[in-house]
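>>> sequence? don't have it. structure:
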């Protein structure tokens, strides 16, 4: 018997040797090497961009937001699965209770001596009962690292779930900053919009008088009426936008509507021009790139595990059981057993080949996903930097317009004082200044929104 078991072991090793092939390797995925736009003054950081109010709102959102809590729960679940895959021992305990009775009752007769008199006594067979209990333990020897590869795949998936937490944190911080800065821009624009509406209404009244006097054509009245409607719409839009941004903050902070109304203010000065690290290092900080790389690691581990599935498995088991019809039998009739099991799965070669091909296809898909994620991440960063440059150029152009409008309004005020032009003409130049100032606020808002988007695209500090 020992010789037969030894022969089986040798045969399994020979079969596994025939199945051995080149070890699965991760596909090469090259990272970008250069940036299209170079330069910068400092490393990416929120420092200097946040006032105390905004920093406090972000901290509250990070503590209360449900998206982050859900991502943390998914990570916890993935960790539990990984811990389960790391278990090598399988333990079990069981108990049994049996009761039986024949379908046809059998009877037997025996003679009993009672006081010197022999009396026949008939007995019938009834229920018979027995009880048992067992303890067992099993262990598989990880000969070809099959179990280790399965555990590595689960660990990679758990790490991928962890990246969702950082992605949620980045998104929440960015959304809070965007809503806060939009409220700040609205707060800065509302007084200007109210002044502009009052000016256009006064201009409409003066124009109506001049039309009645025959000094202007009626079409001029319609032009001013259009300006009044635009000013009223702009003020209404600002009020509605403020309410919507408060709703956004309420959802981010997990607070009831209508949400907080902070005394928001845009940062002073220009956004910093950040100096980026090497593309490979910078992209590695992004949660989506980290998740894609971990997806490749998990797929590679599963492929290696599928290859190890073709080789023999050696497992051991031990058990202790006892039983009987009485409790005293449990101690008198214990049974211990120990077994070693050698399985040769290579015989099921067709299923194993399909399983390995599926794992290899999954690895190819993960590698393609990583390449796509890297390219999109690089394009995202470059796009945000281009948009930041565009916003800076638009703000510079607006500065020229604001200077011209301010100078025109100054000259118009002087001419109005000496009676060279009507008040309605001066009011129109003043309205143009207010319009340019509101445009400047919107462009400054765009600059800081681009800065928040850029920080998010860089994967944080």
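It's in. From a predicted model like this one, the values you see are computed outputs, not experimental measurements. Residues are numbered from 1 along each chain as shown.
>>> give me the number of residues near residue 273?
The number of residues packed near residue 273 is 15, by other Cβ atoms under 10 Å. For glycine as for every other residue, the C-beta is placed from the backbone atoms N, C-alpha and C.
>>> measure it to residue 388 for me?
8 Å (Cβ to Cβ, to the nearest Å).
>>> what's the closest residue in space to residue 177 that isn't next to it in sequence in contact with, if anything?
Take residue 177 and drop its neighbours on the chain: the residue closest to it by Cβ to Cβ, 6 or more residues apart in numbering is residue 452, 4.7 Å away. Neighbouring residues of residue 452 by Cβ atoms under 8 Å, 6 or more residues apart in numbering: 174, 177, 178, 181.
>>> correct me, but the third one touches residue 449?
Yes. Counting by Cβ atoms under 8 Å, residue 178 does reach residue 449; the two are 5.7 Å apart.
>>> and for residue 152, the neighbour number?
For residue 152, the tally of surrounding residues (other Cβ under 10 Å) stands at 21.
>>> correct me if wrong: it contacts residue 297.
Yes. Shown here, residue 152 and residue 297 form a contact pair, counting by Cβ under 8 Å, at 7.4 Å.
>>> which residue comes closest to the residue most central in space within the chain once chain neighbours are left out?
In the chain, the centroid-proximal residue (Cα atoms, centre = their mean) is residue 164; its distance is 3.0 Å. Leaving aside its sequence neighbours, residue 164 sits nearest to residue 71 (Cβ to Cβ, 6+ apart; 4.2 Å).
>>> and that neighbour, what element?
Element membership for residue 71, per DSSP states H and E: helix 66-85.
>>> contacts for that helix next, please.
62, 147, 150-151, 153-155, 157-158, 160-162, 164-165, 167-169, 171-172, 254.
>>> quick check on these: which are buried?
62, 147, 150-151, 153-155, 157-158, 160-162, 164-165, 167-169, 171-172 (16 or more other Cβ atoms under 10 Å).
>>> let's see which of those residues end up in strands.
The members of those all map outside strands under DSSP state E.
>>> gap between stretch 273-292 and the chain center?
In terms of Cα atoms, centre = their mean, to the nearest Å, the centre of stretch 273-292 is found 17 Å from the chain centre.
>>> all numbers from here: first residue = 6
Let's use 6 as the start, then, which means that last one is stretch 278-297.
>>> any idea of the mean pLDDT for that stretch?
Computed over stretch 278-297, the mean pLDDT rounds to 90.
>>> list the buried residues in it.
279, 281, 284, 287-297.
>>> out of those, name the ones that lie in helices.
Counting by DSSP state H, those place 284, 287, 288, 292, 293, 294, 295, 296, 297 in helices.
>>> which two from those residues end up farthest apart in space?
284 and 296 (18.2 Å; Cβ to Cβ).
>>> who are the packing partners of the helix or strand harbouring residue 141?
Residue 141 belongs to strand 133-146 when elements are defined using DSSP H and E. Packing partners of strand 133-146 (3 or more Cβ pairs under 8 Å, 6 or more residues apart in numbering; DSSP states H and E): strand 94-105, strand 318-329.
>>> of the ones you listed, which approaches residue 408 most closely?
Using Cβ to Cβ, the nearest of the helices and strands packed on strand 133-146 to residue 408 is strand 94-105, at 79.2 Å.
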